[in-house]
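Build me a model:
(one chain, ligands or ions: 1)
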Amino acid sequence: MVAYGSAMASVLVVEDDANVRTALIRELSVRSHVVRSVGTAMDALREVTQAPPDVVVLDLGLPDLDGAEVLKMLRGISDVPVIIATARDDEPEIVRLLNAGADDYLIKPFSIEHLSARLAAVLRRSVRSGPTAELSVGGLHIDLDRREAMLDGEPLELTRREFDLLAYLAARPGRVVARRELLAEVWRQAYGDDQTIDVHLSWLRRKLGETAAAPRYLHTVRGVGVRLAEPDPRP
Ligand code: CA
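This next block holds a predicted model:
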């Protein structure tokens with residue numbers, strides 16, 4: 001439910017402090033957002049699965065799970081924009097969370113105007129990053145309509161599945177995509193064999209002219225998934 005122009009959205013507030021939660025619900029509702037709230041990480045994960053919101057505001061200090069853990073699990077199941085709210089003004093930690101897939105952050109205590117502005121920005125970005133016809137990461141160019149991929153100006157001969165896998169990863173450059181997400185989104189399977197993904201990745205690697213040991217675009221993150229990123233310039 002993303003309204004263009006105005007930033008009305010369905011917002012999931014994940015916050016265990018009842019006072020903060022009540023205030024957020026009231027203020028966001030006044031601004032025409034549809035707000036749901038939960039107080040634990042487990043409830044948040046269930047909500048996101050069952051009724052995906054447009055955006056999640058995630059308190060890092062939850063009673064059941066560490067914020068970084070929650071974010072990782074969220075990213076395993078969803079692309080929903082996440083704004084983290086933290087009482088800790090801890091830059092390395094915030095950078096780590098942004099790299100782990102958070103879209104933005106707020107340091108507590110924050111004003112509702114500040115939160116509104118962040119919400120609007122994140123929603124604008126997620127609308128814009130919707131289906132686009134072309135993707136570029138480094139020397140890699142992908143035309144989604146024509147289902148063609150080029151590397152450094154040379155066409156790549158890809159199977160259908162290889163193309164889908166490459167396009168899915170290239171649409172999320174720099175982000176570690178979990179195997180479970182690839183299975184669900186590329187293979188359209190709720191569960192399956194990791195080997196299926198590994199085999200396709202190795203074929204794709206070969207066509208991109210790289211290996212797992214010397215990756216350029218495709219980086220395996222052990223135990224988590226895979227990340228497609230612009231390569232460092234060749235030495
Ligand atoms: Ca808290």
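
For the closest residue in space to Gly139 that isn't next to it in sequence, grab the count of nearby residues.
Residue nearest to Gly139 in three dimensions, not counting chain neighbours: Asp152, with 4.2 Å by CB to CB, 6 or more residues apart in numbering. (Each C-beta comes from the backbone N, C-alpha and C, glycine too.) Asp152: 9 surrounding residues under other CB atoms under 10 Å.

What separation do you get for Asp152 and the ion?
48 Å (CB to the ion, to the nearest Å).

again with Arg31
In terms of CB to the ion, Arg31 sits 23 Å off from the ion.

Provide the secondary structure category for the closest residue to that residue other than its chain neighbours.
Nearest-residue entry for Arg31: Ser116, 6.1 Å, with adjacent residues in sequence omitted and distances by CB to CB, 6+ apart. Going by DSSP: H, G, I helix; E, B strand; the rest coil, the secondary structure assigned to Ser116 is helix.

What confidence value was assigned to Ser116?
Note on Ser116: pLDDT of 89.

How about the residues of this protein by the ion?
Selection of the chain residues close to the ion by CB under 5 Å from the ion yields Asp16, Asp59, Gly61.

Tell me the one of these nearest the ion?
For these, the minimum distance to the ion (CB to the ion) is 3.6 Å, reached by Gly61.

thinking the closest one is in contact with Val14, fair?
No: at 10.7 Å, Gly61 does not count as touching Val14 under the criterion of CB atoms under 8 Å.

Tell me how far the residue nearest to Gly139 lies from Asp66.
42 Å (CB to CB, to the nearest Å).

Check Glu148 too.
43 Å.

Which residue lies nearest the spatial centre of the chain?
Against the mean C-alpha coordinate of the chain, by CA atoms, centre = their mean, the closest residue is Asp79 at 4.1 Å.

Which residue is the nearest non-sequential neighbour of that one?
In space, Asp79 is closest to Arg172, 7.6 Å off (CB to CB, 6+ apart).

who does whatever helix or strand Leu45 lives in touch, helix- and strand-wise?
Per DSSP states H and E, Leu45 falls inside helix 41-50. Other helices and strands packing on helix 41-50, by 3 or more CB pairs under 8 Å, 6 or more residues apart in numbering; DSSP states H and E, are strand 10-14, strand 34-38, strand 55-59, helix 67-77.

tell me the angle of the second one relative to helix 41-50?
Just to be clear, that refers to strand 34-38. Counting by axes from the mean of the first three to the mean of the last three CA atoms, to 10 degrees, strand 34-38 lies at 140 degrees to helix 41-50.

Which strands or helices does strand 34-38 pack on?
strand 10-14, helix 18-30, helix 41-50.

Identify each buried residue in that strand, please.
Val35, Ser37, Val38 (16 or more other CB atoms under 10 Å).

which stretches of this protein form strands?
Assigned by DSSP state E, the chain shows strands spanning 10-14, 34-38, 55-59, 82-86, 104-107, 134-137, 140-143, 148-151, 154-155, 176-178, 218-221, 225-228.

Any chance of a markdown table for these, columns mean pLDDT?
As requested, those are exported to a markdown table (pLDDT from 0 to 100):
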| stretch | mean pLDDT |
| --- | --- |
| strand 10-14 | 94 |
| strand 34-38 | 93 |
| strand 55-59 | 95 |
| strand 82-86 | 92 |
| strand 104-107 | 89 |
| strand 134-137 | 90 |
| strand 140-143 | 94 |
| strand 148-151 | 95 |
| strand 154-155 | 95 |
| strand 176-178 | 88 |
| strand 218-221 | 92 |
| strand 225-228 | 92 |
